Every structure is written in C-alpha cells, then in structure tokens.
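[1] The amino acid sequence is not available; the structure is as follows:
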C-alpha cells in the first residue's frame, strides 16, 4: 500500500493548420485503415500520421490529451523516455503515466493475472474513460516507467485523437503533462512552442478533449478510490 500512496503523491497535480515543422503532415503517404476509420477530420488524420511516425522513429512529441497537453514517447524506447524526463526536470523515482487505446495494448505491461475477477470487472467498467488505475506490473517493466516500484499508473483513453495516436504508433505511450516539473501545465500552443519547440520532434497542434477535472485514480487490486 505504501507503493500505491507514493505513486498517488507523485501524480497529484499533473495530471490555417500548420503543424510543428512547418507543414500539415500530408507527405503523400496513404492513410492507414486505423486513421480512415477514426472519425477524425482528414487534416487531423494526417497530423496524427506524422506524429505517430515521429514516435516510431524514436522521437518525443507534444500532443493534446483529455485535459492538458502532454509529452509523449513510446513505452519501449528508453532513450526517448529519458529525454522526456530530462526536459521536464522530473525526478526518476516519480514514474510516468501510460496511456493506451484499449486493454489489449496493456497485456505486456500490466500483470492482469494478479488481479481478481472483481478488479478486472472494474477495469472494464471504467475503461475506456477518464480513469487511471494503479496496477501491478510484470517484472521486466522499465523502471523509468514505474519509478522503481512494482506498480504503474495506466489509463485506457476515450479521447479519439489519443486513441488513434496510440494505434498508429503501434502501442501504449507515456503521457506526462507538458511542463517543467513542479510548475503548472502549459495551456496554449504559444507557451508550448516557447518552452519545448527546440526540445521535441513534433507538436501535434490540435485542441485537448476539454475535460477540466483530473482523472479518478483507483487502486486496481482493492478497488479503492485514491483520488476522486
């Protein structure tokens, strides 16, 4: 339980269409079925396509999330994750939130076998949605994600743009607020560019989903609400 409380403390409080780089992402590449079926406007699909390619190439991006802009990288790229931690000046022991488009994406990260039937039922009830769960992880999980704990904060998003980005990038992403650690999240694209344009590889300049309340945080094992 101490790990869960520690994890909660670390996450409290974070929680013309010209893309960064000077073009809209339409480089002649055919859009995937994932993007064509995403329901996103065509211009946004091309931006997501370029953002996802940047992620797959090992890059770091700024992208909109449910409530604030976030810094993201693929969860399997330690170098990119280290860049995110460095540019935020974030302590290594704080860990990072992982977002996915669906539960299946988390199979290699979350130790679902350690959860009871009731816990699994709660996950499926709340996901996709604005709910973050502290879950047990597999032993081989990168400690940059967990902060050295045996638990991880994960969310299956209901935000269509972020769902499409995860699917197009091929898996879960880290998602941490786009700010210097300890300061307020940056709210505008102008602020984001001023702070991160020289550090990140792409800025996906679309609006956030518009949710203002931080996600509810649950202990996946007990079902207890750690933050309402």
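    Perfect, thanks for sending it. Please read all numbers here as calculations on a predicted model, not as lab measurements. Residues are numbered from 1 along each chain as shown.

[2] Residue ranges in the protein under the pLDDT threshold?
    The chain contains residues with pLDDT under 70 at 1-28.

[3] Tell me which stretches of it form strands.
    Secondary structure of the chain by DSSP state E: the strands cover 61-64, 69-74, 97-100, 131-136, 151-156, 173-177, 202-203, 216-219, 225-227.

[4] got the contact list for the fifth one?
    Same thing as strand 151-156. The contact list for strand 151-156, computed with Cβ atoms under 8 Å, 6 or more residues apart in numbering, reads 3-4, 7, 11, 95-103, 105-106, 109-110, 127-137, 141, 145-146, 172, 175, 215, 217. Every C-beta, even on glycine, is put in place using the N, C-alpha and C of the backbone.

[5] How about the contacts made by the residue nearest the centre of the chain?
    Closest residue to the average C-alpha location of the chain: residue 175 at 2.8 Å, with Cα atoms, centre = their mean. Taking Cβ under 8 Å, 6+ apart, we find residue 175 in contact with 65, 70, 71, 72, 96, 97, 98, 99, 155, 162.

[6] Save those as JSON lines, and put in neighbour count and distance to residue 58 too.
    As requested, the contacts of residue 175 are exported to JSON lines (neighbours: other Cβ atoms under 10 Å; distance: Cβ to Cβ, whole Å):
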{"residue": "65", "neighbour count": "27", "distance to residue 58": "21"}
{"residue": "70", "neighbour count": "27", "distance to residue 58": "18"}
{"residue": "71", "neighbour count": "28", "distance to residue 58": "14"}
{"residue": "72", "neighbour count": "33", "distance to residue 58": "12"}
{"residue": "96", "neighbour count": "27", "distance to residue 58": "17"}
{"residue": "97", "neighbour count": "24", "distance to residue 58": "20"}
{"residue": "98", "neighbour count": "28", "distance to residue 58": "17"}
{"residue": "99", "neighbour count": "26", "distance to residue 58": "18"}
{"residue": "155", "neighbour count": "27", "distance to residue 58": "23"}
{"residue": "162", "neighbour count": "27", "distance to residue 58": "20"}
